[in-house]
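>>> Give me a 3D structure for the following:
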Amino acid sequence: MALSIDLNDEEKRRLEAVAVRTGRPTEDVVHDAISLHLDEIEETAWAERAARTRRASDQKTRPVEEIRRELGL
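Presented below is the predicted three-dimensional model:
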């Protein structure tokens, strides 16, 4: 999929600097940046759903220290 975005001067400068420093085409740097950020967004959404599910349940929680003691860790 082709995509067109407008970068401000600072974003353009940073993108070009990373591409030069790494010796990679700017397109590759942009692709990797988008992929990494999408991973973060997906992980955050998963964590938020898990937290909502846990809060909505009757599950009891325990401090990690208690569990470690129980397991002899």
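>>> Helix, strand, or coil at D6?
Three-state call for D6 (DSSP: H, G, I helix; E, B strand; the rest coil): coil.
>>> count of neighbours near it?
For D6, the neighbour count with other C-beta atoms under 10 Å is 6. (Glycine included, C-beta is placed from N, CA and C.)
>>> how near is it to P25?
From D6 over to P25 the distance is 20 Å, taken as C-beta to C-beta, to the nearest Å.
>>> Equivalent analysis for E43, please.
Taken as C-beta to C-beta, the span from E43 to P25 is 27 Å.
>>> what does R13 give?
17 Å.
>>> cool, and K12?
K12 is 15 Å from P25, by C-beta to C-beta.
>>> likewise R68?
For R68, the distance to P25 - C-beta to C-beta - is 48 Å.
>>> Then P63?
Taken as C-beta to C-beta, the span from P63 to P25 is 49 Å.
>>> Check L36 too.
According to C-beta to C-beta, L36 stands 17 Å off from P25.
>>> and the host helix or strand of R68, how far from the chain's centre?
R68 is located in helix 64-71, with elements delineated by DSSP states H and E. Here the centre of helix 64-71 is set off from its chain's centre by 29 Å, with C-alpha atoms, centre = their mean, to the nearest Å.
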